[in-house]
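[1] take this sequence and fold it.
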Amino acid sequence: MYTFIGRMVQHIMPKGFQRVRYYGLEATRTYKKWSAVIQKGIKRIGRIVKGAYQIVKRKNYRERYQEISGIDPMRCQYCENVMELMSIWHPKYGELYDIFSTLEEVKIEQEKIDRGGGHSVWPPSGGVQLSLFPLPL
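    Residues are numbered from 1 along each chain as shown. As a prediction, this is how the structure comes out:
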């Protein structure tokens with residue numbers, strides 16, 4: 001809300017300041033004279049720009065992290081199996097993502113999950129912590 005108000009206040013002119021809008025291309029006489037030429041130019045530029053850009057698929061966290069560090073954050077470093085993200089917890093905001101809250105039709109009890117033997121995906125705190133930046137190994 002404050003950002004919006006701040007941006008709106010930037011457009012208020014100082015006291016006693018007169019905005020110049022009757023000169024150049026904004027003048028009524030000039031605008032009528034050049035409006036057709038300006039519209040043609042904008043259409044021509046639009047055609048050039050349409051072929052110039054490339055639509056890029058949006059990458060998820062895993063793909064971005066892999067591109068930066070060369071390490072797959074969702075692959076177990078011990079058994080090389082792909083891990084599944086169960087929850088994301090932030091110290092300030094609490095739980096941001098929980099797989100159990102998204103599965104309404106299938107009730108899964110966290111206590112009955114088979115954590116298997118060997119190296120666990122679940123640390124003692126009960127959540128997976130992923131770094132946002134590559135860490136040196």
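[2] P73 should be in a helix, yeah?
    No. According to DSSP: H, G, I helix; E, B strand; the rest coil, P73 belongs to no helix; its state is coil.
[3] could I get the phi/psi values of it?
    Main-chain torsions, P73, degrees, to the nearest 10: phi -70, psi -20.
[4] does it touch E63 like I think?
    No. P73 is beyond contact range of E63, at 10.2 Å (criterion: C-beta atoms under 8 Å). All C-beta atoms are positioned from the backbone trio N, CA, C, and that covers glycine.
[5] so these two - more neighbours on which side?
    Neighbours around P73 and E63, counted as other C-beta atoms under 10 Å, are more numerous at P73. The numbers are 17 against 12.
[6] can you give me the helices for the chain?
    Taking DSSP state H as the criterion, the chain carries its helices at 2-9, 28-52, 61-69, 99-102.
[7] any idea how far K33 is from R19?
    For K33, the distance to R19 equals 22 Å [C-beta to C-beta, to the nearest Å].
[8] more crowded one of the two?
    Remark: of K33 and R19, K33 carries more neighbours, 11 against 7, as counted by other C-beta under 10 Å.
[9] for this structure, give me the ranges with low pLDDT.
    21-22, 25-26, 46-55, 102-137 (pLDDT under 70).
[10] okay, the helices of the chain, which one's buried deepest?
    With neighbours defined as mean count of other C-beta atoms under 10 Å, the helices of the chain peak in mean count at helix 61-69, which reaches a mean of 14.
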